[in-house]
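Novice: Need the 3D shape of this:
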Amino acid sequence: MTVPLSILDLATIGKGQTAAESFAGSVAMAQLAEKLGYRRVWYAEHHNMSAIASSATSVLIAHIAAQTESIRLGAGGVMLPNHSPLTIAEQFGTLETLHPGRIDLGLGRAPGSDQNTLRALRRDPMSSDSFPQDVLELQGYLTGPTRIQGVEATPGKGTNVPLYILGSSLFGAKLAAQLGLPYAFASHFAPSALRDAVAIYRRDFQPSAQLDAPHVIAGVNVIAADSAAEAQEMFQATKRARVSLFFGNGREFSDDEADMILDSPQGQHVAQMMKYSAVGTPDAVLEYLDGFTAHADADELIVAHQSTGTEARLRSVQLLADVAGLVRV
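Specialist: Next up is the predicted model:
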């Protein structure tokens, strides 16, 4: 690979699996990624989603950081409008204090949930409008000076936890460029604006104290397996699981039902979400990722290993590292 590889761990709760088993799988993945030479592992804030266990993102990061030694860990990301900037500064300031030089803080403005869940979170539906100001307030708590007179984050102040702007539209690209922050595009599930967003970010980037040149992280799905047939079978299983997640309302569809929905106009949306997916043998995956890196004009790839089951995901992590020539720690 010509760029570093990182991992987005969705902390998936598989069929018949518990959240505790998902967390054990996340620990194993981070430990393996550290051993193999991946740059970082991120976890995303999602709420009211029965198949994703990373809702309490900072708690999960703390758990995994305590069982690893050197790999960077972070949020990819925290949905800042769900929280006060001071609370997030204190959480990630605590993480950085406990695990110096290892913590990233990616920030998004999407809810990470549905409208009913917004109400359960006590979130103001208009809170995303203040996202740029909230990012600056949060930055002030971590780097100084504070933007709220007399209010400091303890821990947090002076920890300089690096911030990343996450996005799937042009808004995040413009904000990241304006603030001089790294930009991570969610092309692993929202691919349509990738190239336009990256072009705008690179064109308008203004250097900052944190970053002197643009840095683009692009998301991409990966299923690496020992055979192409096995990889394709897992890819189909992943799409079926998404059908149940998005359309099931708590019901698990049979394979035949899920395949029928995937063939429908609604199901085609699921396929479009996974447009950027490297699926196959290690060599085929590497070839795809090389092309995707150029297509996305990316400085780093963050891969979501979508294989079904913990062991298959760990195998995918291993196979990609081997073929990409990552340097083991």
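
Novice: can you count the residues close to residue 259?
Specialist: 15 (other Cβ atoms under 10 Å). For the C-beta atoms, the positions are set from N, CA and C on the backbone; glycine is no exception.

Novice: Tell me which helix or strand it sits in.
Specialist: Assessed by DSSP states H and E, residue 259 sits inside helix 255-262.

Novice: Can you name the residues in contact with that helix?
Specialist: For helix 255-262, contacts defined as Cβ atoms under 8 Å, 6 or more residues apart in numbering pick out 236, 239, 240, 243, 244, 247, 253, 267, 268, 270, 271.

Novice: 7 Å - rerun?
Specialist: Contact with helix 255-262 is made by 239, 240, 243, 244, 247, 253, 267, 270, 271, as judged by Cβ atoms under 7 Å, 6 or more residues apart in numbering.

Novice: any idea which element the fourth one lies in?
Specialist: When secondary structure is defined using DSSP H and E, the element that contains residue 244 is helix 228-247.

Novice: swap in the last one?
Specialist: Element membership for residue 271, per DSSP H and E: helix 265-273.

Novice: could you say what helices and strands that helix packs with?
Specialist: helix 228-247, helix 255-262 (3 or more Cβ pairs under 7 Å, 6 or more residues apart in numbering; DSSP states H and E).

Novice: tell me which residues in the last one are buried?
Specialist: It refers to helix 255-262. Across helix 255-262, burial judged by 16 or more other Cβ atoms under 10 Å covers 257, 258, 261, 262.

Novice: how far away is the residue nearest to residue 71 when sequence neighbours are not counted from residue 281?
Specialist: Using Cβ to Cβ, 6 or more residues apart in numbering and skipping the chain neighbours, the partner closest in space to residue 71 is residue 34 (3.9 Å). Per Cβ to Cβ, to the nearest Å, residue 34 is found 25 Å from residue 281.

Novice: Looking at those two, which one has more neighbours?
Specialist: Per other Cβ under 10 Å, whichever of residue 34 and residue 281 has more neighbours is residue 34, with 21 against 18.

Novice: tell me which strands and helices the helix or strand hosting that one is in contact with?
Specialist: Assigned by DSSP H and E, residue 34 belongs to helix 19-36. Under the contact criterion of 3+ Cβ pairs under 7 Å, 6+ apart, helix 19-36 touches strand 5-9, helix 57-65, helix 310-324.

Novice: Of all those, which one is nearest residue 300?
Specialist: strand 5-9 (6.2 Å; Cβ to Cβ).

Novice: Residue most distant from the centroid, the chain?
Specialist: residue 150 (33.7 Å; Cα atoms, centre = their mean).

Novice: Wasn't that one part of a strand?
Specialist: No - according to DSSP: H, G, I helix; E, B strand; the rest coil, residue 150 belongs to no strand; its state is coil.

Novice: if I look at it, how far off is residue 138?
Specialist: Distance of residue 150 to residue 138, computed by Cβ to Cβ: 17 Å.

Novice: and if you look at residue 176?
Specialist: Between residue 176 and residue 138 the distance is 14 Å, computed by Cβ to Cβ.

Novice: follow-up on the earlier one: quick check: which of the helices and strands packed on helix 265-273 is buried the most?
Specialist: Across the helices and strands packed on helix 265-273, the average number of neighbours (mean count of other Cβ atoms under 10 Å) peaks for helix 228-247, which reaches a mean of 18.

Novice: my guess is the residue nearest to residue 71 meets residue 72, correct?
Specialist: No - under the criterion of Cβ atoms under 7 Å, residue 34 makes no contact with residue 72, lying 9.5 Å away.

Novice: so who does the closest residue to residue 69 other than its chain neighbours touch?
Specialist: Spatial nearest neighbour of residue 69, chain neighbours left out: residue 34 (6.7 Å); criterion: Cβ to Cβ, 6+ apart. By Cβ under 7 Å, 6+ apart, the residues touching residue 34 are 68, 69, 70, 71, 329.

Novice: Which residues does whichever helix or strand comes after the helix holding residue 271 contact?
Specialist: Next helix or strand after helix 265-273 toward the C-terminus (DSSP H and E): strand 277-280. The set of residues external to strand 277-280 that reach it, using Cβ under 7 Å, 6+ apart, is 220, 221, 222, 223, 228, 231, 232, 235, 285, 288, 289.

Novice: Correct me if wrong, but the fourth one is in a strand.
Specialist: The reference is to residue 223. Yes - assessed by three-state DSSP, residue 223 belongs to a strand.

Novice: Just give the nearest non-adjacent residue to the residue nearest to the spatial centre of the chain, would you?
Specialist: Using Cα atoms, centre = their mean, the residue of the chain that lies closest to the mean C-alpha position is residue 76, 3.8 Å off. Spatial nearest neighbour of residue 76, chain neighbours left out: residue 42 (2.9 Å); criterion: Cβ to Cβ, 6+ apart.
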